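S.K.: dropping the sequence and predicted coords here.
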Amino acid sequence: MIAGDQLITFLVASFAIIIVPGPSVLFTLARGVAWGRTVAVLSVFGNSIGTLLLSVVVALGLGPLLAHSRTFSTVLQVAGGCYLGWLGFDALRHRHEHARAMTEREAQRPHPRQIVRQGFTVGILNPKSLIFFAAVFPHFVEPTKGSATVQLLAFGLIFSVMAFASDSTWGIIAGTAREWLSGSPSRLVALRVTGGCVMIVLGALILVSAVRG
């Protein structure tokens, strides 16, 4: 059972963290610019599932152990950075055919299952979320209010829902801007290139962070 004051404090802290654009927001913006609102929101949905799974790992007691393993954290960062880089490279490589698909009522848009899976992969390979959950969530647990595991699970669910709402808003904004410019194939190619470059740069930054430790 989570007390009212405890919940309010957690909501305020979570909002302050979520509202600052980070890797998830940049990924969502890139997807929204490239494919539109639906793909952006589905990407956020997959990302939120990955984030929720990380919070479950923390709630079950594995978070602190994994968070203090530098090797594991580095492997996750390298994997996440490479995956984002690959998504960006794929966007650049297929920019013209993707642009044609968009002008043809997006008949060849990625399958929803693929979109969710890609978002999930980005979310689950985000070591910063794991470390954040392991370092911050325990501070909001009140031992006298019941099971710590149940409280941590509740915090993870609340945080994931809040993140989904915030990131989806960013995605809808990006998708709306993209659809506003969809009358020009050349502009769609440019937007596809922009989205691909954002993901490549983001992946590179994550790799640099992993190397620096």
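M.R.: Received it, and whenever you're ready, just let me know what you need.
S.K.: which residue of the chain sits farthest from its center?
M.R.: Residue farthest from the centre of the chain, counting by CA atoms, centre = their mean, is Thr144 at 33.4 Å.
S.K.: find the nearest non-adjacent residue to His149, please.
M.R.: Not quite, residue 149 is Thr, not His. Ala59 (5.3 Å; CB to CB, 6 or more residues apart in numbering). The way it works is simple: take the backbone N, C-alpha and C, and place the C-beta from them, glycine included.
S.K.: pull the number of nearby residues for the one you found.
M.R.: If you count neighbours by other CB atoms under 10 Å, Ala59 ends up with 23.
S.K.: contacting residues around it?
M.R.: Phe137, Thr149, Leu152, Leu153, Gly156 (CB atoms under 8 Å, 6 or more residues apart in numbering).
S.K.: rerun at 7 Å
M.R.: Thr149, Leu152, Leu153, Gly156 (CB atoms under 7 Å, 6 or more residues apart in numbering).
S.K.: number of residues surrounding the last one?
M.R.: This points to Gly156. 21.
S.K.: same check, this time on Ser147
M.R.: The burial count for Ser147: 13, using other CB under 10 Å.
S.K.: so what pLDDT did it get?
M.R.: Note on Ser147: pLDDT of 78.
S.K.: go through the lengthiest helix in the chain and flag the buried ones.
M.R.: In the chain, taking DSSP state H as the definition, the longest helix is helix 148-180. Judged by neighbour count (16 or more other CB atoms under 10 Å), helix 148-180 contains these buried residues: 151-156, 158-160, 162-164, 166-168, 170-172, 174-175, 178.
S.K.: helices or strands next to that helix in the packing?
M.R.: Applying 3 or more CB pairs under 7 Å, 6 or more residues apart in numbering; DSSP states H and E, one finds that helix 148-180 contacts helix 4-18, helix 23-35, helix 37-59.
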